[in-house]
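Chemist: build me a model:
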Amino acid sequence: MPVAGGVGSPLLYAVIVGYLGIVVSTVYSAVFMLVGGAARGSFGAFGDRPEVARMLEAFSGWGGIIGQLLFGPFGIVIGLFVSTAITHVMLLLLDGARQGFEATFRVRSYAMAATVLAIVPFCGGAIGAIWSLVICIIGLAEAQRIPVWKAALAVLLPIVLCCCCCAVGAGMFSVAAAPALRVSAPAGRLPLGAILGGIAVLGAAAVGLLHLDRLPYTVCYLKAFTGIPCPTCGSTRAVGCLAHGDLAGAFAMNPLATAALLALVPWALADLGLLTRGRALGLSVSPGVGRALRLAAVVTVLANWAYLIAAGR
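Modeler: Prediction:
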């Protein structure tokens, strides 16, 4: 893909392909409305709140469908420039903007090709969103001539930060209404942190002694048969990097697995300290915070998987 030549053609391509996805989505929405009515009931008790009901009425009804068809192209253009600006700022912070803003814009524009997957009912939009991230990561790495991990951070880090902010916001809202998160050390509780820490230590020892991070073949059946890495691919090599003190290398192999291992350390140490008193660390959250955390976890796992696919782990 040329990294220069103007933004007109990529922008036109993005608008056409993106609008095609909007048209297909609105057709599905119209069919679902005719068959099953409005989507308010699918939100449960949350959908009974006045502000949520008004939002659903505006966006899920016929007015929302007509609005998407009329203003969809403008939304695509605005969203494209905003997302490109965010990605390019991240590239500047990572010293990865070697070919300028136009190269980033062209990659973002042509990544809109994945929106055609919206023609697949129910799951097409989600698959298209994940595949669009993969295209962006690979395209930025090639266009800006940077390592894949830098491109992945530029694309995925804003998403992760946004999810974290949403989770924190939901937590703060729940704290105002009821106790949302409580750390305790009840007696008789299973010391899960200590157990997982012990397993991690044994696994790290096995990796180091048997050199499992240097195997000339993959042990992942999904990657062996399809060529696509599973969400845990790169974890063994990440452990090997951590054992050698290479933190950057570990994050490059599997960012989520590395972060989980690092977060496990204080949890395991706390459990070990409480074990002498027959106690273990416990964490309880309110239902609202629990839902927000589960949503953030799902998005984080999908973003991490998109990185692994792009990086060829």
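
Chemist: check contacts around the closest residue in space to residue 98 that isn't next to it in sequence.
Modeler: Closest residue in space to residue 98, ignoring its immediate chain neighbours: residue 144 at 5.1 Å, by Cβ to Cβ, 6 or more residues apart in numbering. (Each C-beta comes from the backbone N, C-alpha and C, glycine too.) For residue 144, the contact set (Cβ atoms under 8 Å, 6 or more residues apart in numbering) comprises 91, 96, 97, 98, 99, 103, 104, 151.

Chemist: before we move on, what about residue 250?
Modeler: 238, 239, 241, 242, 258.

Chemist: mind doing that once more with 7 Å?
Modeler: With contact set as Cβ atoms under 7 Å, 6 or more residues apart in numbering, residue 250 has these partners: 238, 241, 242, 258.

Chemist: next: residue 83.
Modeler: Counting by Cβ under 7 Å, 6+ apart, residue 83 makes contact with residue 108.

Chemist: residue 118 now?
Modeler: Residues near residue 118 by Cβ under 7 Å, 6+ apart: 21, 24, 25, 124, 125, 128.

Chemist: closest to residue 270 among those residues?
Modeler: Nearest to residue 270 among those: residue 125, at 41.1 Å, using Cβ to Cβ.

Chemist: what pLDDT does that closest one get?
Modeler: On pLDDT, residue 125 comes in at 73.

Chemist: gap between it and residue 21?
Modeler: Taking Cβ to Cβ, to the nearest Å as the measure, residue 125 falls 8 Å from residue 21.

Chemist: quick one: low-confidence ranges for the protein?
Modeler: Across the chain, the ranges flagged by pLDDT under 70 are 1, 28-65, 67-68, 122, 163-190, 192, 217, 280-286, 288-289.

Chemist: the helices in it, which residues?
Modeler: With helices called from DSSP state H, the chain shows them at 8-36, 50-60, 62-93, 101-110, 124-143, 148-177, 192-210, 221-226, 235-243, 247-253, 255-275, 287-311.

Chemist: out of those helices, which is closest to residue 2?
Modeler: helix 101-110 (7.6 Å).

Chemist: check the offset of that closest one from the chain's centre.
Modeler: Mean-position distance between helix 101-110 and its chain equals 21 Å (Cα atoms, centre = their mean, to the nearest Å).

Chemist: dump the contacts of residue 144 to TSV, plus neighbour count and distance to residue 78.
Modeler: As requested, the contacts of residue 144 are exported to TSV (neighbours: other Cβ atoms under 10 Å; distance: Cβ to Cβ, whole Å):
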residue	neighbour count	distance to residue 78
91	25	20
96	23	25
97	20	22
98	12	27
99	18	24
103	23	20
104	29	16
151	28	23
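
Chemist: a markdown table for those residues, including distance to residue 300?
Modeler: What follows is the contacts of residue 144, written out as a markdown table (distance: Cβ to Cβ, whole Å):
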| residue | distance to residue 300 |
| --- | --- |
| 91 | 21 |
| 96 | 22 |
| 97 | 25 |
| 98 | 28 |
| 99 | 29 |
| 103 | 28 |
| 104 | 24 |
| 151 | 18 |
